[in-house]
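*Asks:* Starting from these lines, generate the structure:
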Amino acid sequence: MKVLVTGGGGFLGSTIVRMLRERGDEVRSFSRGEYPALAALGVEQIRGSLEDRDAVVAAARGCDLVFHVAAKAGIWGSYHDFYQANVAGTGHVIAACLSNGISRLVYTSSPSVVFDGSDVEGGNESLPYPEFYEANYPATKALAEQLALAANSPELAVTALRPHLIWGPGDNHLGPRIIAKGRAGKLRRIGSRPNLVDTVYVDNAARAHLQAADMLSPGSSVAGKCYFISNGEPLPLWDMVNRILAAADVPPVTRSISPKLAFAIGCICEGIWSLFRLSGDPPMTRFVAHELATSHWFDISAARRDFGYTPEISIDEGLVRLRRSLQNPPA
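*Replies:* Numbering: from 1, shown residues only. So this is what the prediction gives:
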């Protein structure tokens, strides 16, 4: 096949690209930058923005399948920027598929689209979208997911995957932030509850995308559906954080603050950042305070049943690989 991967230079996107190339697919990446690692894999790279409809349509020309992985992520930023990248950008990808006669689209969503600030324990795909979001990222990802699934039709089969807290070697977001804050002594446990949280090793998340795509066609059992993706090994959140820190030889987090204090700090920080238009992320937000103080793990039986998803890399094995990569970073 000839496959387009939006965000092919990113953490998850590049892993999907690698797996596609390993099985012999021809791959084209659409990203803002250019990546030597993709060039080394023989990947065609097209630079552009999701906000440019014509560029997205042109990038998809001649392809058989699209993985829409690119998105604007983060805990802070203007709603307009998140909307343009995540919602308008997804609309442009759908238009690119339809105008180019592409019949399969795999959309990368997020479990945060159903997070309402309370515990989620074993939640499945029947969970509703909340009426209110505390951050622009989940709000716009929810709109984008609904837009993608609504585009499912006899001409275009669409499925949406919701990988939860992706980590592993090559991570440029979650893991590095945890390790950097741990080294600086800026991490604090939120509360004392052993709140369970799902995560997913990056290779497992990428493989799920390929498995879903292989089962996807107009009218198939996966078309028009969303799926939670994780390692299926929920652990106490701070145990997982400390295991990631240990992989980088950083001491564990021992100090804590109450959930109510964390939420109050988040409210204050958001007010200050908004009032003074400060750059960068606030040290705490309401969304992060609730994420760190609650359980959120999901039932992945639908993905197992519908496209044979099985997490091949355990958390233990993933941490061994993570530690190895941190000790021997790429040149």
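*Asks:* All the helices of the protein, residue numbers only.
*Replies:* Per DSSP state H, the chain has helices spanning 11-22, 36-40, 53-60, 79-82, 89-99, 136-150, 174-183, 202-215, 237-247, 259-276, 286-293, 301-307, 315-327. These are given in chain order.
*Asks:* Identify the residue nearest Ile272 in space, chain neighbours excluded?
*Replies:* Nearest non-adjacent residue to Ile272, counting by C-beta to C-beta, 6 or more residues apart in numbering: Leu278, 6.9 Å away. (Each C-beta comes from the backbone N, C-alpha and C, glycine too.)
*Asks:* Pretty sure that neighbour sits against Glu270.
*Replies:* No - with contact defined as C-beta atoms under 8 Å, Leu278 does not count as touching Glu270 (10.5 Å).
*Asks:* more crowded one of the two?
*Replies:* The residue with more neighbours, out of Leu278 and Glu270, is Glu270; 19 against 12, by other C-beta atoms under 10 Å.
*Asks:* Could you check the pLDDT of Ala212?
*Replies:* Here the pLDDT value assigned to Ala212 is 98.
*Asks:* Count residues in the vicinity of Ala223, would you?
*Replies:* Using other C-beta under 10 Å: Ala223 sits among 20 other residues.
*Asks:* Likewise for Gly175?
*Replies:* When counting by other C-beta under 10 Å, one arrives at 24 neighbours for Gly175.
*Asks:* and if you look at Lys2?
*Replies:* So Lys2, with other C-beta under 10 Å, has 15 neighbours.
*Asks:* now it: how far from Gly219?
*Replies:* Distance, Lys2 to Gly219, by C-beta to C-beta, to the nearest Å: 23 Å.
*Asks:* and if you look at Cys97?
*Replies:* 16 Å.
*Asks:* Looking at those two, which one has more neighbours?
*Replies:* Per other C-beta under 10 Å, whichever of Cys97 and Gly219 has more neighbours is Cys97, with 26 against 10.
*Asks:* Surely that one touches Ala60?
*Replies:* Yes - using C-beta under 8 Å, Cys97 makes contact with Ala60 at a distance of 6.5 Å.
*Asks:* shared neighbours, these two?
*Replies:* Common contacts of Cys97 and Ala60 (C-beta atoms under 8 Å, 6 or more residues apart in numbering): Val66.
*Asks:* so where is the protein shaky, pLDDT-wise?
*Replies:* Along the chain, the parts satisfying pLDDT under 70 run over 331.
*Asks:* again, only this time at 90
*Replies:* Regions of the chain meeting the criterion pLDDT under 90 cover residues 172-174, 192, 328-331.
*Asks:* Stretch 37-44 spans what distance, first to last residue?
*Replies:* Length of stretch 37-44, first residue to last, C-alpha to C-alpha, to the nearest Å: 11 Å.
*Asks:* Any buried residues in stretch 252-264, and which?
*Replies:* Judged by neighbour count (16 or more other C-beta atoms under 10 Å), stretch 252-264 contains these buried residues: 253, 257, 259, 262-263.
*Asks:* er, stretch 218-238 actually
*Replies:* 222-235, 237-238.
*Asks:* CA atoms only for that stretch, dumped as CSV, please.
*Replies:* Provided in CSV are the C-alpha atoms of stretch 218-238 (Å, rounded to 0.1, in the frame of the first residue of the first chain):
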residue,chain,number,x,y,z
PRO,A,218,-16.5,0.4,4.4
GLY,A,219,-19.1,-1.5,6.4
SER,A,220,-16.6,-3.5,8.4
SER,A,221,-17.0,-4.2,12.2
VAL,A,222,-14.5,-1.4,13.1
ALA,A,223,-15.9,1.3,10.8
GLY,A,224,-17.5,4.2,12.6
LYS,A,225,-16.3,3.1,16.0
CYS,A,226,-13.8,4.4,18.6
TYR,A,227,-11.5,2.2,20.8
PHE,A,228,-9.5,2.6,24.0
ILE,A,229,-5.9,1.5,23.7
SER,A,230,-3.6,0.8,26.7
ASN,A,231,-1.3,-1.8,28.0
GLY,A,232,-4.1,-3.4,30.0
GLU,A,233,-1.9,-3.1,33.2
PRO,A,234,-3.4,-0.3,35.4
LEU,A,235,-1.0,0.7,38.2
PRO,A,236,-1.1,3.4,40.9
LEU,A,237,-0.2,6.6,39.1
TRP,A,238,2.7,7.5,41.3
